[in-house]
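Undergrad: Sequence and computational prediction follow.
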Amino acid sequence: MAGLRLRSRTISVRLSEEEYLTLRRVCSLTGARSVSHLTREAMRSILGDANREVPLGRHLEEFRADMKNLEKKVERLEAKITTFKAKGAE
C-alpha cells in the first residue's frame, strides 16, 4: 500500500496534564486522528523545514507561538461554550 510505512521506532516524551489536554484539544480542532498522529505531522513539518536548511530554532519558536495562540483560542472557545450552556440552563 502506497503511503503506509512500517513504524519501528518509538520515542517517549513526558507531558504535564495541561500540555496533554491541550494536545487533545488541538487534535479535536484540527481533525487529527490521535495525539500520535498530530505529533508525527508536527515532526514531519519541522523535519521538512530542517531539510530545507531553515534554522530549527526559529521554526520551533514560531511553532511554540502558534501553539500558544491556538491554546488561547481554545480557552476562549471553552469559555464561550460554558457561558452558552449556563444561559441555556437558566
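TA: On my side now, so go ahead.

Undergrad: hey, where'd the helices end up in this structure?
TA: 17-30, 35-51, 56-89 (DSSP state H).

Undergrad: Which one, of those helices, ends up nearest to Thr10?
TA: Closest to Thr10 of the helices of the chain is helix 35-51 (CB to CB; 10.1 Å). In short, each C-beta sits where N, CA and C put it, glycine included.

Undergrad: So for that closest one, mean pLDDT?
TA: Mean pLDDT, helix 35-51: 80.

Undergrad: Could you list every helix and strand that that helix packs against?
TA: Using 3 or more CB pairs under 8 Å, 6 or more residues apart in numbering; DSSP states H and E, the elements in contact with helix 35-51 are helix 17-30, helix 56-89.

Undergrad: quick one, which of these is packed in tightest?
TA: Highest mean neighbour count of those: helix 17-30, a mean of 14 (counted as mean count of other CB atoms under 10 Å).

Undergrad: which residues sit in contact with His37?
TA: Residues near His37 by CB atoms under 8 Å, 6 or more residues apart in numbering: Cys27.

Undergrad: quick one: Ser8 and Arg64, what's the gap?
TA: As for Ser8, its distance to Arg64 is 29 Å (criterion: CB to CB, to the nearest Å).

Undergrad: and what of Cys27?
TA: For Cys27 relative to Arg64 (CB to CB), the value is 18 Å.

Undergrad: next one: Arg25
TA: Distance from Arg25 to Arg64, by CB to CB: 16 Å.

Undergrad: could you dump the worst-scoring helix or strand of the chain on mean pLDDT to CSV, C-alpha only?
TA: Least confident helix or strand, the chain: helix 35-51 with a mean of 80, by mean pLDDT, DSSP states H and E. Only the C-alpha atoms of helix 35-51 are listed here, as CSV (Å, rounded to 0.1, in the frame of the first residue of the first chain):
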residue,chain,number,x,y,z
VAL,A,35,-2.2,12.7,19.6
SER,A,36,0.4,10.4,18.0
HIS,A,37,-0.8,11.4,14.5
LEU,A,38,-0.7,15.2,15.4
THR,A,39,2.8,14.8,16.9
ARG,A,40,4.0,12.9,13.8
GLU,A,41,2.6,15.6,11.5
ALA,A,42,4.3,18.3,13.6
MET,A,43,7.6,16.5,13.5
ARG,A,44,7.3,16.0,9.7
SER,A,45,6.8,19.7,9.3
ILE,A,46,9.8,20.5,11.5
LEU,A,47,12.0,17.9,9.8
GLY,A,48,10.9,19.1,6.3
ASP,A,49,11.9,22.6,7.1
ALA,A,50,15.2,21.3,8.5
ASN,A,51,15.9,19.6,5.2
